[in-house]
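*Asks:* The following comprises the amino acid sequence and a computationally predicted model.
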Amino acid sequence: QVQLVESGGGLVQAGGSLRLSCAASGRIFSTGAMAWFRQAPGKGRELVTAIKWSGGRTYYADSAKGRFTISRDNTKNTVYLQMNILKPEDTAVYYCAANPTYLRDDVPSGGYNYWGQGTQVTVSS
């Protein structure tokens, strides 16, 4: 079992920044991966970015490239999402997710079967 606890959401003006945190506990293998998804009102859940625990390889959706940065602190089992130059279209509930047993070297786009409770990010224009 893996438990994920997110924090750091809130209300920010367009152009501003926020940092989300996700603390993980439980059985997370070093080969696994962590990701941030988001779901805007009336839309499906979207993979924003992901990172491998070992090696730090990352993936970014086109919407996140150049503005968002995912990082991890292996000593704290915590993943961060630094979001800069936020836009109103970034408004969504952001979810941390874990794929704890992924064995390949690349960053998985699926198989995230553990989820945090979600944190609201609202960007005002």
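*Replies:* In hand now; what should we look at?
*Asks:* can we go C-alpha only for contacts and neighbour counts from here?
*Replies:* Will do.
*Asks:* Would you mind naming the residues that bridge with the residue most central in space within the chain?
*Replies:* The residue lying closest to the centre of the chain (CA atoms, centre = their mean) is residue 36, at 2.0 Å. Beta bridges link residue 36 to residue 49, residue 96, judged by DSSP bridges.
*Asks:* Just the local confidence number for it, please.
*Replies:* pLDDT recorded at residue 36 is 98.
*Asks:* Then the one 10 residues further on?
*Replies:* With respect to pLDDT, residue 46 has a value of 96.
*Asks:* you'd agree it is up against residue 60?
*Replies:* No - Residue 46 is not in contact with residue 60 according to CA atoms under 8 Å; the separation is 11.2 Å.
*Asks:* one step back: for the residue nearest to the centre of the chain, what are its contacts?
*Replies:* 47-50, 81, 94-97 (CA atoms under 8 Å, 6 or more residues apart in numbering).
*Asks:* Looking at residue 46 and residue 60, which one has more neighbours?
*Replies:* Between residue 46 and residue 60, counted using other CA atoms under 10 Å, residue 60 has the larger neighbour count: 19 against 14.
*Asks:* ok, for the more buried one, nearest residue in space, not its chain neighbours?
*Replies:* In space, and not counting its chain neighbours, residue 60 is closest to residue 49: 4.4 Å by CA to CA, 6 or more residues apart in numbering.
*Asks:* and what of residue 19?
*Replies:* residue 82 (4.4 Å).
*Asks:* what's the neighbour count on that neighbour?
*Replies:* 14.
*Asks:* Equivalent analysis for residue 41, please.
*Replies:* 9.
*Asks:* just checking, it touches residue 90?
*Replies:* No - contact criterion CA under 8 Å: residue 41 and residue 90 do not qualify, at 11.0 Å.
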